[in-house]
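# give me the fold of what follows.
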Amino acid sequence: MQVMRGWATRYAPWVSLVSILGTMPDALAGDYEGSPQVAEFVGEMTRDYGFAGEQLMGVFREAERKQSILDAISKPAERVKQWSEYRPMFITDARIARGVDFWRQHEAVLARAEQEYGVPAQVIVSIIGVETFFGRNTGNFRVIDALSTLGFDYPPRAEFFRKELREFLLLAREEQVDPLTLKGSYAGAMGLPQFMPSSFRAYAVDFDGDGHINIWTNPDDAIGSVASYFKRHGWVAGEPVVSRGDVRGDQVDEGLTTGIEPTKTVGELRALGWSSHDALRDDMPVTAFRLEGDNGSEYWMGLKNFYAITRYNRSVMYAMAVHQLSEQLVQARGVK
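You can find the predicted model right below:
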């Protein structure tokens, strides 16, 4: 594909879109026309990234402030405190059955992703299953509305969401897509794998080679992008994810990890009364955690690949749901 030089030439379809928007009458003006914050943001995008200010203002004339987004992000999350409650939300017969179908439908692409990135097909399938039920729930908010609302009207995290808004506009320009049409979650997460714009630009890949990255409706690109993400975050091909632990003594809880990052080694945990069901090196750093399951407390050691999953979502329960769903998918599919 020939590379066209010059911003206006390279992004001609996108420029045409915002040029049209910029000439719309005031009757169609959105919630952000005249906003000093937006004016400052547009000035930064013009100065630092070569956007045409008037054209970009045309996009913001169409952006809408959504109170439902502010309500959703401000409402305290209904936290599921126990693994016994969390696991059944994601590991269900319906999700497993749909996952097996998805795997079979995209078997060749998943095999290629596993070959190129070293990430098992079942883990890629599981991520897409946990995130969006294989595309069933990808979000109905326009990304421009979500990121504008949170970037300009949600002070607690405005800086973060303005950064994501910047990344979103850059990806729309790079992919030559209409920024007013792309949809996602109320927080701006997009497509089958629910990438934030910064993750899209850093890790998403054109896995089918058509010249564009489409994680919304192209499973090939979504699959390759998930595999790329995990590879870049330290996934080690062929290595396990977790090891079940046995514990004894009154120092066991001293070994539990605070947060996500592995801070103790297997040897240090052993000195505190932990032992592993698997042969692990004493110098191996692990994330040690306890889950309250249907049959009581479960003790686990998360290995390097477990930590890679938590880089997608910083939650040990999330990572365990992804891991155990992947195991269920393998079992249901009848392969090793």
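
# just the buried residues of the longest strand belonging to the chain, please?
Secondary structure assigned by DSSP state E gives strand 285-293 as the longest strand of the chain. Across strand 285-293, burial judged by 16 or more other CB atoms under 10 Å covers 285, 286, 287, 288, 289, 290, 291. C-betas here are computed from N, CA, C, even on glycine.

# now the strands: where do they sit in the stretch 101-250 of the chain?
141-142, 183-184, 242-247 (DSSP state E, counting those that start in this stretch).

# that older thread, downstream neighbour of the longest strand of the chain in the secondary structure list?
Going down the chain from strand 285-293, the next helix or strand is strand 296-302, by DSSP states H and E.

# how far does that following strand sit from the chain's center?
The chain centroid and the centroid of strand 296-302 are separated by 25 Å under CA atoms, centre = their mean, to the nearest Å.

# name the residues that touch it?
Here strand 296-302 makes contact (CB atoms under 8 Å, 6 or more residues apart in numbering) with 83, 241-247, 252, 262, 266, 269, 274, 276, 280, 286-292, 310, 316, 319-320.

# hmm, 7 Å instead?
Strand 296-302 has contacts (CB atoms under 7 Å, 6 or more residues apart in numbering) with 242-245, 247, 276, 286-291, 316, 319.

# just put those in a markdown table and tack on pLDDT and distance to residue 51.
As requested, these are arranged in a markdown table below (pLDDT from 0 to 100; distance: CB to CB, whole Å):
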| residue | pLDDT | distance to residue 51 |
| --- | --- | --- |
| 242 | 98 | 46 |
| 243 | 98 | 50 |
| 244 | 97 | 53 |
| 245 | 97 | 53 |
| 247 | 98 | 57 |
| 276 | 96 | 54 |
| 286 | 98 | 46 |
| 287 | 98 | 42 |
| 288 | 98 | 48 |
| 289 | 98 | 45 |
| 290 | 97 | 50 |
| 291 | 97 | 47 |
| 316 | 97 | 41 |
| 319 | 98 | 38 |
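
# closest to residue 125 among the residues you listed?
Nearest to residue 125 among the contacts of strand 296-302 is residue 319, at 15.6 Å by CB to CB.

# for the closest one, grab phi and psi.
phi -60, psi -40 (degrees, to the nearest 10).

# ok, now how distant is it from residue 326?
Distance of residue 319 to residue 326, given as CB to CB, to the nearest Å: 11 Å.

# now residue 181
With the distance defined as CB to CB, residue 181 ends up 33 Å from residue 326.

# okay, and the helix or strand of this structure with the least pLDDT?
Least confident element among the helices and strands of the chain, by mean pLDDT, DSSP states H and E: helix 7-10 (a mean of 37).

# ranges for the helices of the stretch 101-250 of the chain?
Counting by DSSP state H, counting those that start in this stretch, the segments of the stretch 101-250 of the chain that form helices are 107-117, 121-132, 143-153, 158-175, 197-203, 219-232.

# do you know which of these lies nearest residue 30?
Evaluated over the helices of the stretch 101-250 of the chain, closeness to residue 30 peaks at helix 143-153, with 8.6 Å, by CB to CB.

# other residues contacting that closest one?
32, 35, 37-38, 59-60, 63-66, 69-70, 73, 157-158, 161-162, 164-165, 168, 179-180, 182-184, 186-188, 190.

# from what I can see residue 53 touches residue 41, true?
No: counting by CB atoms under 7 Å, residue 53 stays clear of residue 41, with 10.5 Å between them.

# quick one on the thing from earlier: wait, which of the contacts of strand 296-302 is closest to residue 227?
Using CB to CB, residue 319 comes nearest to residue 227 of these, at 16.7 Å.

# got any ranges where the stretch 51-200 of the chain has weak pLDDT?
Within the stretch 51-200 of the chain, the stretches with pLDDT under 70 are 76-78.

# and the gap between the spatially most central residue of the chain and residue 220?
The residue lying closest to the centre of the chain (CA atoms, centre = their mean) is residue 195, at 3.9 Å. Distance of residue 195 to residue 220, computed by CB to CB: 15 Å.

# ok, residue 34 next?
The gap separating residue 34 from residue 220 is 43 Å, by CB to CB.

# cool, and residue 159?
From residue 159 over to residue 220 the distance is 34 Å, taken as CB to CB.

# who's more crowded, residue 319 and residue 326?
Just comparing residue 319 and residue 326: by other CB atoms under 10 Å the higher neighbour count belongs to residue 319, 27 against 23.

# chain neighbours aside, what residue packs nearest to the more buried one?
Residue nearest to residue 319 in three dimensions, not counting chain neighbours: residue 309, with 4.0 Å by CB to CB, 6 or more residues apart in numbering.

# the helix or strand hosting the one you found - what's its average pLDDT?
Element membership for residue 309 (DSSP H and E) is helix 304-310. Summarised as a single mean, pLDDT over helix 304-310 is 98.

# who does that helix touch, helix- and strand-wise?
In terms of contacts (3 or more CB pairs under 7 Å, 6 or more residues apart in numbering; DSSP states H and E), helix 304-310 is packed against helix 316-333.

# ok, and what's touching the helix it packs on?
Here helix 316-333 makes contact (CB under 7 Å, 6+ apart) with 83, 86-87, 90-91, 95-96, 99-100, 103, 122-123, 125-127, 129-130, 241-242, 287, 289, 291, 302, 306, 309-310.
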